[in-house]
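Visitor: I need the structure of the sequence given here:
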Amino acid sequence: MVRKCVEMDKRSFVFGLKACEGLQAGESLYSLFCKVGFDCDLVVQNGLVHFYGDRGQLGCARKVFGETREKDVVSWTTLLNGYVKQSMSDEALRKGDLELGKSIYDHVKKVKLNTSLNLLNSIFDMYVKCGSLVTTKEIFDNMGTKDVFSWTSMINGYARNGELVSAKKLFDEMLERNIVSWNAMIVGYSQNNKPKEAISLFFDMEKAGLVPIESTLVCVLSACGQRLLRFRPMDVHLLHQAKPDSTHRDTRKCIHRHALSFFKEMIGTGLYKPDEITFIGVLSACSHGGLLTQGRSYFNEMETTFGLKPRVEHYACMIDLLGRIGLLNEAYELITEMPMEADKVVWGAVLNACRMHGNVELGRLATEKLLKLDPNDSSVYMLMESLCASRRKWDDVKMIRSMMRENGVKKTPGCSSVEVEGVFHQFLVSDKSHPKSDHIYQVLGEITSLSRLEQFNKLLID
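Guide: A predicted model of the protein is given here:
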């Protein structure tokens with residue numbers, strides 16, 4: 001799916017995770033989904049709880065369960081099943097019990113206890129968290145008095161069950177909203193793969209003068225990650241090819257230094273221990289910021305200070321860092337020292353560095369390795385062709401094009417996208433699928449004609 005540039009969603013992760021036999025493979029897959037912003041998705045978190053529970057890693061399963069901010073009935077049931085499989089029935093009974101909650105509510109009604117709004121909200125919240133939406137709706141409709149908590153719990157119930165239209169309708173009907181109300185709706189959109197709606201609602205919340213809480217920001221960042229999935233790998237490659245001016249480079253370095261400063265602050269509190277995913281972010285910041293000394297230091301500290309063995313992703317970050325600043329020989333030496341086989345990401349970083357610094361010989365080796373891993377990846381041919389063309393090795397350029405024809409590989413068409421009034425429009429080369437393509441090409445023709453006329457007038461004046 002990755003090689004074919006197929007857009008992934010949360011279900012891709014769940015089924016991919018089920019196919020993983022070992023812990024390392026599953027955790028590597030999870031780190032990929034963290035990068036693209038699915039780590040806060042409830043379905044993904046439930047899948048990870050099941051993955052750990054199925055392999056007897058109850059400590060890890062319980063940790064993920066505890067970090068899941070919005071749990072549903074699947075979350076609880078999955079953890080319960082994990083404990084039962086390991087014959088830990090006592091631990092399982094400490095978790096949520098819908099039947100017990102129902103019996104308490106039935107007793108309240110039977111003795112005709114005078115129910116306060118707080119008690120009703122507590123009962124109401126219990127049904128929401130246990131996933132009993134029908135009963136939740138009945139209680140909500142029959143409540144004579146409702147407060148913000150009541151409305152927010154009902155919205156939360158709808159959002160957890162993917163009924164976002166009903167949740168938004170209720171949200172719009174609220175006369176009074178607090179930060180938790182907005183947060184419930186934003187979380188609902190983010191966890192149900194509606195990133196555009198989540199981000200839009202976040203901005204509406206800010207306009208209303210409310211200050212976001214931590215969980216709001218987490219879900220909004222996750223939504224931003226989901227939106228990035230709309231970009232294909234070739235789009236990312238083109239972004240890397242861009243040559244920003246020095247002002248942009250300075251700004252970018254400043255951002256990466258801020259990221260590292262935040263990491264140091266996090267460690268300094270003594271409350272948080274970084275994991276493998278944290279170090280992917282740290283080393284990536286060093287790589288994109290060209291921070292060689294810091295990168296080497298953090299890479300070594302992974303194992304010596306924090307007891308974490310570097311994975312292939314961490315080696316890839318270091319190789320990318322070395323390659324970006326021109327230390328290609330050192331980058332290659334690091335590949336030979338890796339305790340695992342270099343993957344596509346590692347050799348891709350090498351090839352990109354070779355293109356940047358004009359190293360044809362190492363570029364040929366990287367191309368050979370990449371084509372063994374995936375002979376149909378057009379971006380590999382294009383990078384090597386660009387490298388050879390920059391060094392005026394025209395025979396090599398012809399050979400690469402010939403290889404593409406022989407292997408039946410076609411160049412991925414150029415693609416651009418534009419956002420108009422909140423809607424993304426994507427265009428491929430010679431694409432006429434857009435409903436307004438005739439008008440678009442007409443305007444493009446007029447712009448081209450005006451541009452040529454301007455150039456002609458300039459020539460006359462000169």
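Visitor: switch to C-alpha atoms for all contacts and neighbour counts from now on
Guide: OK.
Visitor: ok, the nearest residue to Thr145 once chain neighbours are set aside - how many residues close by?
Guide: In this structure, Thr145 finds its nearest non-sequential neighbour in Leu117, 7.3 Å apart by CA to CA, 6 or more residues apart in numbering. Using other CA atoms under 10 Å, Leu117 is surrounded by 16 other residues.
Visitor: ok, now Lys344?
Guide: Look at Lys344: counted by other CA under 10 Å, it has 17 neighbours.
Visitor: Contact partners for it?
Guide: Counting by CA atoms under 8 Å, 6 or more residues apart in numbering, Lys344 touches 370, 373.
Visitor: if I look at it, how far off is Leu351?
Guide: Separation of Lys344 from Leu351 (CA to CA, to the nearest Å): 10 Å.
Visitor: Give me the below-cutoff pLDDT ranges for the stretch 301-450 of the chain.
Guide: By pLDDT under 70, the weakly predicted segments of the stretch 301-450 of the chain are 409-415, 419, 421-424, 428-431.
Visitor: in it, which spans are helices?
Guide: 312-324, 328-337, 344-357, 360-373, 378-390, 394-406, 437-461 (DSSP state H, counting those that start in this stretch).
Visitor: Which stretch among those helices approaches Leu175 most closely?
Guide: helix 437-461 (44.0 Å; CA to CA).
Visitor: residues making contact with the closest one?
Guide: Lys432.
Visitor: can you check stretch 324-332 too?
Guide: Residues outside stretch 324-332 that contact it (CA under 8 Å, 6+ apart) are 287, 290, 318-320, 322-323, 350, 353-354, 356-357.
Visitor: Just name the closest of these to Gly56, please.
Guide: Checking those against Gly56 with CA to CA, the nearest one is Met318 at 33.6 Å.
Visitor: Just give me the neighbour total for the closest one.
Guide: Here the number of neighbours of Met318 (other CA under 10 Å) works out to 26.
Visitor: Ok, Lys393 next?
Guide: A total of 13 residues lie near Lys393 under the criterion other CA under 10 Å.
Visitor: Next: Gly323.
Guide: Neighbours around Gly323, by other CA under 10 Å: 25.
Visitor: try Ala25
Guide: 14.
Visitor: just the one 3 residues further on next, same as before
Guide: Residue neighbour count, defined by other CA under 10 Å, stands at 18 for Ser28.
Visitor: Got the domain ranges for the protein?
Guide: Domains of the chain are assigned by automatic domain parsing as 10-93, 112-228, 235-415, 417-461.
Visitor: how far out from the middle of the chain is the longest one?
Guide: Read that as domain 235-415. Using CA atoms, centre = their mean, to the nearest Å, the distance from the centre of domain 235-415 to the centre of the chain it belongs to is 19 Å.
Visitor: so where's the stretch 151-300 of the chain uncertain?
Guide: For the stretch 151-300 of the chain, the ranges with pLDDT under 70 are 221-259, 269-272.
Visitor: Which stretches in it count as helices?
Guide: Listed in chain order, the helices of the stretch 151-300 of the chain (DSSP H, counting those that start in this stretch) span 164-173, 179-191, 195-207, 214-228, 233-241, 246-268, 276-289, 292-304.
Visitor: will you turn the domains of the chain into CSV that also has distance to Met1?
Guide: Converted to CSV, those look like this (distance: least, CA to CA, whole Å):
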stretch, distance to Met1
domain 10-93, 9
domain 112-228, 16
domain 235-415, 12
domain 417-461, 20
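Visitor: ok so, going back, what's the closest of the helices of the stretch 301-450 of the chain to Gly144?
Guide: Closest of those to Gly144 is helix 437-461, at 55.2 Å (criterion: CA to CA).
Visitor: Please identify the most buried of the helices of the stretch 301-450 of the chain.
Guide: For these, the largest average neighbour count (mean count of other CA atoms under 10 Å) is found in helix 312-324, namely a mean of 25.
Visitor: Only the buried residues of stretch 177-190, if you could.
Guide: Within stretch 177-190, the residues that qualify as buried are 177, 180-190, counting by 16 or more other CA atoms under 10 Å.
Visitor: Correction: the previous question concerned stretch 138-146.
Guide: Burial within stretch 138-146, assessed by neighbour count using 16+ other CA under 10 Å, is assigned to 139-140.
Visitor: Could you check how far His18 is from Asn193?
Guide: No, residue 18 isn't His; it's Lys. From Lys18 to Asn193 the distance is 21 Å (CA to CA).
Visitor: Neighbour count for those two, which is higher?
Guide: The residue with more neighbours, out of Lys18 and Asn193, is Asn193; 19 against 14, by other CA under 10 Å.
Visitor: For the more buried one, give its distance to Val43.
Guide: In terms of CA to CA, Asn193 sits 11 Å off from Val43.
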